[in-house]
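Asks: got a predicted structure here, sequence first:
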Amino acid sequence: MLNSLKTAFKLDELRSKLLFTLAMLFLFRVGAHIPVPGINPDAFADLLTKGQLLGFFDVISGGAFKRASIFAMSITPYINASIIMQLLTVVIPHLERLAKEGEEGRKKITQYTRYFTAVLAFIQAIGMSVALKGALVHPTVFNYLLVAITFTAGTVLLMWIGEQITEKGIGNGISLLIFAGIVSRIPAAIVSIGQYLKAGTVNILSVLALVVIGALVIAAVVAVQEGQRRIPVQYAKRVVGRRVYGGQTSHLPLKVNQAGVIPIIFASSLLMFPGQIASWFAGNAVADWYLKWFAWGGVLNSIIYAMLIIGFTYFYTAVIMNPLDMAENIKKYGGFIPGLRPGRSTAEYISRIMSRITLAGAVFLALIAILPNIILALTRIPNVYFGGTALLIVVGVALDTMKQIESHLLMRSYQGFLK
């Protein structure tokens, strides 16, 4: 891998892409330490400990949220806007037509997504500044607007950085920003574990157990992310003039985890929101009852969390994968699945296969999501920042980026990272 990386840096084009990506990620990390004017960082960090949803934002932002920096909201509004636009593409005929118009249509949808991101970010920033008014130095209308506009500008800047990485660098820019935010917390987590060892809070066996569990989870994530069911597709021969076209056998790959990490983000946001609201009304009978029985990490909370993830996995997979369209595309190009009639029979078969492999992927995502609770129960190490969701994101982004680097190397007959 190191030799391949050296080779990559010897190529002018690939070296410039890698350096540009690193420069953009460095800009992101610098911005994560620039505070927002009008906010008391210490009071903001204190409020952060009072809710799970705020802690979730801090994990995604790589600690920028806890520091009350200009990138505190991270790229979350852009992700939400992209998901909503993807769902609306299925519902609104105009967006559906744009999605089928090719590159020009996709550019138009991307433009809509940018505008929608700015609107969502401003709404979220207003809500955050009002809900966290205890952290404002002077809670006036001007300061509320100043904080909201600064948060919104930070998100829009991150969106621009991500798009620049995708266009001029290596890998998916938005994914790499989340990747950098999560990975940046590893040194602090290692220091915390060292402090726990020194204080005697945890023992060396617990740390070894954490390392072993982490290695096993990484192996499982790689296996599931790369896992796919290949449905054989036979293309009929066509005679055009004196030439014969087609006749070859191909396959239709269906990934085990087609939805990625989106169901976990959906489920965690939906489940953490009531707990966050209840934590603001501590002392109220209803809020205390909810916090007692549905506390994050509890049995009921984990069961509901797992069920929501499984449900969202099926929902999101159904949105992005349409068996009828897949069957029509196979039929249009003269293909068929051996033993099945083209058309509806093929669509029903693909739907049945997708339902089965989606169940495996959904159960895996549910187990990954509740992994931090399992780690805490086995190792007794508090504040495990590098949980299952973070590992899923990090491994997935790393694999995708490595494949892109490999494709550049293979184009020039160099050996890549993956063999």
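Replies: The structure has been received and is ready for your questions.

Asks: can we go C-alpha only for contacts and neighbour counts from here?
Replies: OK.

Asks: contacting residues around Leu365?
Replies: 261, 264, 309-310 (C-alpha atoms under 8 Å, 6 or more residues apart in numbering).

Asks: can you report phi and psi for it?
Replies: Phi and psi for Leu365, reported as degrees, to the nearest 10, are phi -60, psi -40.

Asks: ranking the contacts of Leu365 by neighbours, who comes first?
Replies: Ile309 (26 neighbours; other C-alpha atoms under 10 Å).

Asks: state the mean pLDDT of the helix or strand where that residue lies.
Replies: For Ile309, the host element (DSSP states H and E) is helix 299-320. For helix 299-320, mean pLDDT rounds to 86.

Asks: check which helices and strands the helix or strand hosting Val30 sits against.
Replies: Per DSSP H and E, Val30 falls inside helix 12-31. Judged by 3 or more C-alpha pairs under 8 Å, 6 or more residues apart in numbering; DSSP states H and E, helix 12-31 is in contact with helix 2-10, helix 141-168, helix 173-183.

Asks: so which of those helices is nearest Pro274?
Replies: helix 141-168 (22.8 Å; C-alpha to C-alpha).

Asks: quick check: mean pLDDT of that closest one?
Replies: 89.

Asks: quickly list the domain ranges of this structure.
Replies: Per automatic domain parsing, the structural domains of the chain span 1-185, 188-384.

Asks: most tightly packed of those domains?
Replies: Of these, the one with the most neighbours on average (mean count of other C-alpha atoms under 10 Å) is domain 1-185, at a mean of 18.

Asks: from the chain's centre, how far out does that domain sit?
Replies: Counting by C-alpha atoms, centre = their mean, to the nearest Å, domain 1-185 is centred 12 Å from the centre of its parent chain.

Asks: export the domains of the chain to CSV and tack on distance to Asp400?
Replies: Formatted as CSV, the domains of the chain follow (distance: least, C-alpha to C-alpha, whole Å):
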stretch, distance to Asp400
domain 1-185, 7
domain 188-384, 10
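
Asks: what's the distance between His408 and Thr89?
Replies: According to C-alpha to C-alpha, to the nearest Å, His408 stands 33 Å off from Thr89.

Asks: cool, Ile310 as well?
Replies: 23 Å.

Asks: do Ile303 as well
Replies: Counting by C-alpha to C-alpha, the gap from Ile303 to Thr89 is 32 Å.

Asks: cool, Ala360 as well?
Replies: For Ala360 relative to Thr89 (C-alpha to C-alpha), the value is 27 Å.

Asks: next one: Leu324
Replies: For Leu324 relative to Thr89 (C-alpha to C-alpha), the value is 17 Å.

Asks: surely Leu197 meets Leu205?
Replies: No. Between Leu197 and Leu205 there is no contact under C-alpha atoms under 8 Å: 10.4 Å.

Asks: if I look at the residue positioned nearest the centre of the chain, what pLDDT would I see?
Replies: Relative to the mean C-alpha position of the chain, the nearest C-alpha, by C-alpha atoms, centre = their mean, is the one of Val261, at 4.8 Å. In the prediction, the pLDDT value recorded for Val261 is 78.

Asks: one more: the one 5 residues further on?
Replies: In this prediction, Phe266 carries a pLDDT score of 78.

Asks: quick check: next helix or strand after the helix or strand harbouring it?
Replies: For Phe266, the host element (DSSP H and E) is helix 262-280. Once helix 262-280 ends, the next helix or strand along the chain (criterion: DSSP H and E) is helix 285-293.

Asks: any idea of the mean pLDDT for that next one?
Replies: Throughout helix 285-293, pLDDT has a mean value of 78.

Asks: for the stretch 51-200 of the chain, give me the ranges with low pLDDT.
Replies: Counting by pLDDT under 70, the stretch 51-200 of the chain contains low-confidence ranges at 51-64.

Asks: which residues in it form helices?
Replies: With helices called from DSSP state H, counting those that start in this stretch, the stretch 51-200 of the chain shows them at 52-61, 76-91, 93-99, 103-131, 141-168, 173-183, 186-199.

Asks: and Gln234, which of the ones you listed is closest to it?
Replies: Closest among the helices of the stretch 51-200 of the chain, using C-alpha to C-alpha: helix 93-99, at 28.2 Å.

Asks: what packs against the closest one?
Replies: helix 76-91, helix 103-131.

Asks: so can I have CSV of these showing distance to Leu25?
Replies: Formatted as CSV, these follow (distance: least, C-alpha to C-alpha, whole Å):
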stretch, distance to Leu25
helix 76-91, 17
helix 103-131, 20
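
Asks: for those helices, which one sits closest to Arg352?
Replies: Within the helices and strands packed on helix 93-99, the stretch nearest Arg352 is helix 76-91; the backing value is 21.2 Å (C-alpha to C-alpha).

Asks: packing partners of the closest one?
Replies: Contact analysis of helix 76-91 by 3+ C-alpha pairs under 8 Å, 6+ apart lists helix 93-99, helix 103-131, helix 141-168 as its packing neighbours.

Asks: again, only using 7 Å
Replies: Under the contact criterion of 3 or more C-alpha pairs under 7 Å, 6 or more residues apart in numbering; DSSP states H and E, helix 76-91 touches helix 93-99, helix 103-131.

Asks: okay, the angle between that helix and helix 103-131?
Replies: 130 degrees (axes from the mean of the first three to the mean of the last three C-alpha atoms, to 10 degrees).

Asks: what's in contact with helix 76-91?
Replies: With C-alpha atoms under 7 Å, 6 or more residues apart in numbering as the test, helix 76-91 has contacts from 95-96, 113, 116-117, 120-121, 159, 319.

Asks: looking at those, which is nearest Ile370?
Replies: Val319 (24.9 Å).

Asks: so what's that closest one up against?
Replies: Contacts of Val319 (C-alpha under 7 Å, 6+ apart): Leu87.

Asks: for the helix holding Phe266, list the C-alpha coordinates in PDB.
Replies: The C-alpha trace of helix 262-280 is given here as PDB (Å, rounded to 0.1, in the frame of the first residue of the first chain):
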ATOM      1  CA  ILE A 262     -28.600   6.700   5.800                       C
ATOM      2  CA  PRO A 263     -31.100   4.500   7.900                       C
ATOM      3  CA  ILE A 264     -28.900   4.900  11.000                       C
ATOM      4  CA  ILE A 265     -28.900   8.700  10.500                       C
ATOM      5  CA  PHE A 266     -32.700   8.700  10.000                       C
ATOM      6  CA  ALA A 267     -33.400   6.500  13.000                       C
ATOM      7  CA  SER A 268     -30.900   8.200  15.400                       C
ATOM      8  CA  SER A 269     -32.200  11.700  14.600                       C
ATOM      9  CA  LEU A 270     -35.800  10.600  15.100                       C
ATOM     10  CA  LEU A 271     -35.200   8.700  18.300                       C
ATOM     11  CA  MET A 272     -32.800  11.300  19.900                       C
ATOM     12  CA  PHE A 273     -35.100  14.300  19.300                       C
ATOM     13  CA  PRO A 274     -37.700  13.400  21.900                       C
ATOM     14  CA  GLY A 275     -35.000  12.700  24.500                       C
ATOM     15  CA  GLN A 276     -33.300  16.000  23.700                       C
ATOM     16  CA  ILE A 277     -36.600  17.900  24.200                       C
ATOM     17  CA  ALA A 278     -37.300  16.000  27.400                       C
ATOM     18  CA  SER A 279     -33.900  16.900  28.800                       C
ATOM     19  CA  TRP A 280     -34.700  20.600  28.500                       C
END
